[in-house]
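> Build the 3D model from these lines:
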Amino acid sequence: MEIEVQQKVKMAVRYLKVRAGVRYWEDGTVNGVEDADGSRIPCRDDKPNDSLGGGNWCPIIDMQTGKIENWPQGTTADIHYKVCDDGEYELLDPDGSSLRKIDGYVIGMMCPEGEGYGDYIIMKIAEDGTIANWKVDLSEFEKSDDD
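Alright, predicted model coming up:
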């Protein structure tokens, strides 16, 4: 006889890697200027997304500091992106190895500047890449696939 057993293990988490299929780029400003086509925002990936083929916003966030990796110094942003259920959120360890990945609705910690209702990324990013009011909440990653 055999039995399959799942064990819970605590692991060090350092980064959040995001791929968000943005529907409307014009709902963001970069350095105080409307970014109507998403050409100004750092961390953009132009590969078509699942929803409208408009590209993705792909920041990697240091969860300890709330700072976006490789953010260009001196660039500010005010983001209110509609993503709906076209996002991937991946936890990485301090070495950048993947620990857990979920997809679908926008996770709560991606909207520190307002209620995102699972559809919106809402945040302000300072000129050093730090996200204002950043708070880590891993509860959405701790749910089992059966929840």
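
> now the helices for this protein?
Here the chain has its helices, by DSSP state H, at 139-142.

> low-scoring stretches of it, by residue?
Residues of the chain that meet the criterion pLDDT under 70 lie in 47-54, 144-147.

> Closest to the centroid, which residue in it?
Nearest to the mean C-alpha position of the chain, by CA atoms, centre = their mean, lies Val18 at 3.8 Å.

> Setting the sequence-adjacent residues aside, check what's closest to that one.
What sits nearest to Val18 in space, not counting adjacent residues and going by CB to CB, 6 or more residues apart in numbering, is Pro59, at 5.3 Å. (C-beta placed from N, C-alpha, C; glycine too.)

> pretty sure that neighbour contacts Ala77?
No: using CB atoms under 8 Å, Pro59 is not in contact with Ala77; the gap is 10.1 Å.

> Of all the residues in stretch 11-23, which ones are buried?
By 16 or more other CB atoms under 10 Å, the buried positions in stretch 11-23 come out as 13-23.

> With stretch 113-130 instead?
113, 116, 118-125, 129-130.

> Including distance to Val33, could those residues go into CSV?
Putting those into CSV (distance: CB to CB, whole Å) gives the following:
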residue, distance to Val33
Glu113, 19
Gly116, 23
Gly118, 28
Asp119, 25
Tyr120, 21
Ile121, 19
Ile122, 19
Met123, 17
Lys124, 15
Ile125, 14
Gly129, 18
Thr130, 20
